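K.L.:
compute the structure for the input listed below.
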Amino acid sequence: MPAREAAQRWLQSIWYGPVSAPWSLRTLASLYGVAMRLRAGAYRAQLLPRRTGGRPLIVVGNLTVGGSGKTPLVIWICEQLRALGLSPGIILRGYGGSAAQSGGVHAVDAHADPRVVGDEALLLAQRTGVPVVIGRDRVAAARELARAPIDVIVADDGLQHLRLARDLELVVIDAGRGLGNGRLLPAGPLRESPARLAQVQALIWNGEAPDGTALPTAGSVPQFHMRLMGEQLFALDASAQQLPLASLRGRAVHAVAGIGDPARFFRQLRAAGLAPIEHPFPDHHAYRSEQLLFTDGLPLLMTEKDAVKCRSLGLHQAWYLPVSASFPVAEAAALRELLRAAVLSASSPTRAHSS
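P.N.:
Reported below is the predicted structural model:
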């Protein structure tokens, strides 16, 4: 096992398992917490300036490291904004791509190379059809995106990118894992203190919490419950063939997931009645064909995020499962109204950001 992967598994056992964090990690977490509080205080006191991106801006973020379901929610939000007659665009870091390391900002289209722009950026461009810009500097990315014919910017991640002014903050939490051991990095998975939840405009739970698990509260902040739905498999090759997920019920399949929480994908397959042979990989993993060439003839299933990187590998009997965010009807309407009100308020002539 590579050293990096071993270290990640060790941290996961501390963050979400029964292993206690060693004093060295707890000390570093305390220092990290002090630094984050000082930084946030500097922005509140306007010692550090916030910059506008040139359009109303909605941040979809999380408190924890790793995947929580932000990307499906961003897709859902773009659909709702379009239904409201608005033209959204998306900014994000572009993790996993070389462009994110080189600096500057880069526009992403549906035919981009995932090795350059990253898997999530390409997935968003393909699923939404809206303008997408990546860049480490979110302010620069937002201003570049504002040059396109858009009305509102949706930031996939960026909750902690305080330099970028925002009009609405939505936090997504994986209900299955919650906030882990509740500690800050590196002793725990938290980028910020749980107290930050009381400052956002909505808290969105992805999935269901395990029985008996207490979920953190966020005071009077509105809370919504999201489910990721996927029932149709799509062939990884160019055949456009589809296959109902239910048609594999009771069958063994190879299941590949290189996402923040691979176990979530495996649970989804088991809930659909499949018997997955699990192959977890690190988030944003760059696959090689030999890693996915199985000789037993079983179907190979993967997430859509993995699929954008694996189409060129020449895999056979390979399928991917797109998922879409879903909310109870009343919650969907309330969240849509929250989006509408935020954009309307931000577009008011009397409203101004610092520049």
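K.L.:
would you check that residue 116 makes contact with residue 97?
P.N.:
Yes: contact criterion Cβ atoms under 8 Å: residue 116 and residue 97 qualify, at 5.1 Å. The way it works is simple: take the backbone N, C-alpha and C, and place the C-beta from them, glycine included.
K.L.:
so which of these two has more stuff around it?
P.N.:
residue 97 (25 against 18; other Cβ atoms under 10 Å).
K.L.:
which residue comes closest to that one once chain neighbours are left out?
P.N.:
Nearest non-adjacent residue to residue 97, counting by Cβ to Cβ, 6 or more residues apart in numbering: residue 118, 3.4 Å away.
K.L.:
which residues touch residue 104?
P.N.:
135, 140 (Cβ atoms under 8 Å, 6 or more residues apart in numbering).
K.L.:
again, only using 10 Å
P.N.:
Applying Cβ atoms under 10 Å, 6 or more residues apart in numbering, we find residue 104 in contact with 134, 135, 136, 137, 140, 141, 144.
K.L.:
pLDDT wise, what is it at?
P.N.:
You'll see residue 104 listed with a pLDDT of 89.
K.L.:
where does the stretch 151-300 of the chain dip in pLDDT?
P.N.:
Counting by pLDDT under 70, the ranges of the stretch 151-300 of the chain that qualify are 211-218.
K.L.:
can you give me the helices for it?
P.N.:
With helices called from DSSP state H, counting those that start in this stretch, the stretch 151-300 of the chain shows them at 262-271.
K.L.:
quick check: residue 89 is in a helix.
P.N.:
No: counting by DSSP: H, G, I helix; E, B strand; the rest coil, residue 89 is not found in a helix; it is strand.
K.L.:
domain parsing for this protein?
P.N.:
57-227+326-346, 231-322 (automatic domain parsing).
K.L.:
any idea how far the residue lying closest to residue 93 once chain neighbours are set aside lies from residue 8?
P.N.:
Once flanking residues are discounted, residue 93 sits nearest to residue 100: 5.6 Å by Cβ to Cβ, 6+ apart. Distance, residue 100 to residue 8, using Cβ to Cβ, to the nearest Å: 19 Å.
K.L.:
more neighbours: those two, which one.
P.N.:
Counting neighbours by other Cβ under 10 Å for residue 100 and for residue 8 shows that residue 100 has the greater number, 21 against 14.
K.L.:
is it possible to export the domains of the chain to a markdown table including distance to residue 31?
P.N.:
As requested, the domains of the chain are exported to a markdown table (distance: least, Cβ to Cβ, whole Å):
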| stretch | distance to residue 31 |
| --- | --- |
| domain 57-227+326-346 | 10 |
| domain 231-322 | 25 |
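K.L.:
most tightly surrounded among these?
P.N.:
domain 57-227+326-346 (a mean of 20; mean count of other Cβ atoms under 10 Å).
K.L.:
residue 134 against residue 101, yeah?
P.N.:
No: the pair residue 134 / residue 101 is not scored as a contact, 11.1 Å apart, by Cβ atoms under 10 Å.
K.L.:
return every residue with contacts to both of these two.
P.N.:
The contact lists of residue 134 and residue 101 share 94, 95, where a contact means Cβ under 10 Å, 6+ apart.
K.L.:
which parts of the stretch 251-355 of the chain are strands?
P.N.:
252-257, 275-280, 300-303, 318-321, 324-326 (DSSP state E, counting those that start in this stretch).
K.L.:
start to end distance for stretch 189-204?
P.N.:
Stretch 189-204 has an end-to-end distance of 18 Å (criterion: Cα to Cα, to the nearest Å).
K.L.:
what is the burial count for residue 38?
P.N.:
Around residue 38 there are 9 residues (other Cβ under 10 Å).
K.L.:
adjust the sequence numbering to begin at 32 for everything that follows.
P.N.:
In the new numbering, first residue 32, that becomes residue 69.
K.L.:
against residue 252, how distant is it?
P.N.:
25 Å.
K.L.:
ok, residue 294 next?
P.N.:
27 Å.
K.L.:
what distance separates the start and the end of stretch 143-150?
P.N.:
First residue to last in stretch 143-150 (Cα to Cα) measures 10 Å.
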